[in-house]
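1. Predicted structure and sequence below. I'll ask about it afterward.
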Amino acid sequence: MTKEEVLKIFKEKFGNDSPEVYTSPGRVNLIGEHTDYNGSFVFPGAIDKGMIAAIRFNGTDKVRAYAIDLDESSEFGLNEEDLPKEGWAKYIFGVCREIIKRGGTVKAFDTVFAGDVPLGAGMSSSAALESTYAFALNDMLNLGIDKFELARIGQSTEHNYVGVMCGIMDQFASIFGKKGHLIRLDTKTMEYEYFPFDPEGYKLVLLDTLVKHELASSAYNARRASCENAAATIGKHHPEVKFLRDASMEMLDEVKDEISEEDYMRAKYVIEETQRVIEVSNALERGDYEFVGQKMYETHHGMSKLYEVSCEELDFLNYVAKEHGVTGSRVMGGGFGGCTINLVKDELYDSFIADAKKQYKEKFGTEPKVYDVVISDGARKL
Ligand code: GLA
């Protein structure tokens, strides 16, 4: 939706045509999945799809919000007990509360918003929503919150008002995104580096299974708990290990009998994935995309067999990609449905997309959705 369209709807709803307009993107992640809550590396980039919101302070003590895509309204105060009942409004409320908890004064506002990040596709529509409001309120109220803290405000919103114990990757990418660049983030030190990403001769494309499994958030939280348990057990023998990022496979093997088989598998995946991200960074520097692709397949295998966050539909799309000779393919984001991210040679692109659509439709009765990835800028005022 364009700025003009959002402004028009704001005027219809609230009779005023001078709100501010902000936008924040969703993200892709080249590699480094489920590593961000293990103190490890991720490799995301912001995309050209996101949320857009018009916002204007209303001089009352109630936020009045309208979700354009859902045609739903919500009205809520800014005290802790005012938690709105609409799922989407909890994100806006949570951002306000997290700013207030950090000492910021938030004034009530009228707002309308819309988005084109597909919901539940693993492209971080929720982080896009959080970042839009965190960035906007900070800017409009001159709160002076730095960009890292804006990302943490979104993350804390997930933890405290949505119940997903996510890492920092999605909100970070949504705030820090830069056109044409992926970002390698070290989630332990929060050091980051922009990597120009314009792989000549290849395209990055997402295939959306259109599947979103229930209980994804409790399964996500369970994965995190497994990792923390494995890290804490290793830490008893090796006090320097605080996160799985600090652990080696030898260390994990030492505690094999002290943790469950399941926790062992989760931790093994994370330790291997950490290594893969480092190798992919080096490969990107020398422009070796075939190597990058090979690592993507390895990640998929680990996410499917060890971390167990894939599903039949994602595994099938991954299989079709491999059969078709696609350079790299894997489930992207938290998993349990959503998209595969595929690194495809230009000359294979058309035939791969046609093949994937055909085969997926034969097996599951619907075609996957296709999104070309355009790496774009992060949160901003329009
Ligand atoms: C979700 C979370 C992120 C990250 C990914 C998996 O997108 O929000 O913090 O853990 O899953 O890499």
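-> Perfect, thanks for sending it.
2. alpha carbons only for contacts and neighbour counts from here, please
-> Noted.
3. Which positions in the chain make contact with the ligand?
-> Where the chain comes near the ligand, counting by CA under 6 Å from any ligand atom, the residues are 33, 34, 35, 36, 166, 167, 168, 169, 170, 333, 334.
4. tell me the strands in the protein, going along the chain?
-> Using DSSP state E, the strands of the chain run over 20-29, 41-42, 44-57, 63-67, 72-76, 109-115, 181-186, 191-196, 202-212, 328-331, 337-345, 369-372, 380-381.
5. Got the domain ranges for this protein?
-> Domain assignment for the chain by automatic domain parsing gives 3-196, 202-372.
6. Where does the stretch 101-250 of the chain get nearest to the ligand, residue-wise?
-> residue 167 (3.4 Å; CA to the nearest ligand atom).
7. Burial check on that residue, number of neighbours?
-> Neighbours of residue 167 under the rule other CA atoms under 10 Å: 21.
8. do you know how far it is from residue 126?
-> Per CA to CA, to the nearest Å, residue 167 is found 13 Å from residue 126.
9. pLDDT weak spots in this structure?
-> Within the chain, the ranges that satisfy pLDDT under 70 run 214-215.
10. Next, the contact list for residue 93, please.
-> Residue 93 sits next to 76, 78, 83, 84 when contact means CA atoms under 8 Å, 6 or more residues apart in numbering.
11. typo on my end, residue 361
-> Contacts for residue 361 (CA under 8 Å, 6+ apart) come out as 367, 368.
12. Stretch 153-167: end-to-end distance?
-> So stretch 153-167: terminal residues 12 Å apart, CA to CA.
13. Could you report the neighbour count for the residue of the stretch 251-382 of the chain found nearest the ligand?
-> Closest residue of the stretch 251-382 of the chain to the ligand, CA to the nearest ligand atom: residue 334 (3.4 Å). Using other CA under 10 Å, residue 334 is surrounded by 23 other residues.
14. got the contact list for the nearest residue to residue 247 once chain neighbours are set aside?
-> Leaving aside its sequence neighbours, residue 247 sits nearest to residue 241 (CA to CA, 6 or more residues apart in numbering; 6.1 Å). Contact partners of residue 241, counting by CA under 8 Å, 6+ apart, are 231, 232, 234, 235, 247.
15. now do 7 Å
-> Going by CA atoms under 7 Å, 6 or more residues apart in numbering, residue 241 touches 231, 234, 235, 247.
16. quick one, what contacts the second one?
-> The neighbourhood of residue 234, defined by CA under 7 Å, 6+ apart, consists of 241, 251, 252, 255.
17. Quick one: buried ones out of the contacts of residue 93?
-> By neighbour count, with 16 or more other CA atoms under 10 Å, these hold 76, 78, 83, 84 as buried.
18. farthest pair in those residues?
-> Largest separation among those by CA to CA: 78 and 84, giving 10.0 Å.
19. that older thread, what's the residue of the stretch 251-382 of the chain closest to the ligand in contact with, if anything?
-> Residues in contact with residue 334 (CA under 7 Å, 6+ apart) are 34, 122.
20. same thing but at 10 Å, please
-> Contacts for residue 334 (CA atoms under 10 Å, 6 or more residues apart in numbering) come out as 33-34, 120-124, 166, 216-217, 219-220, 303, 309-310.
21. That concludes my questions; thank you for your assistance.
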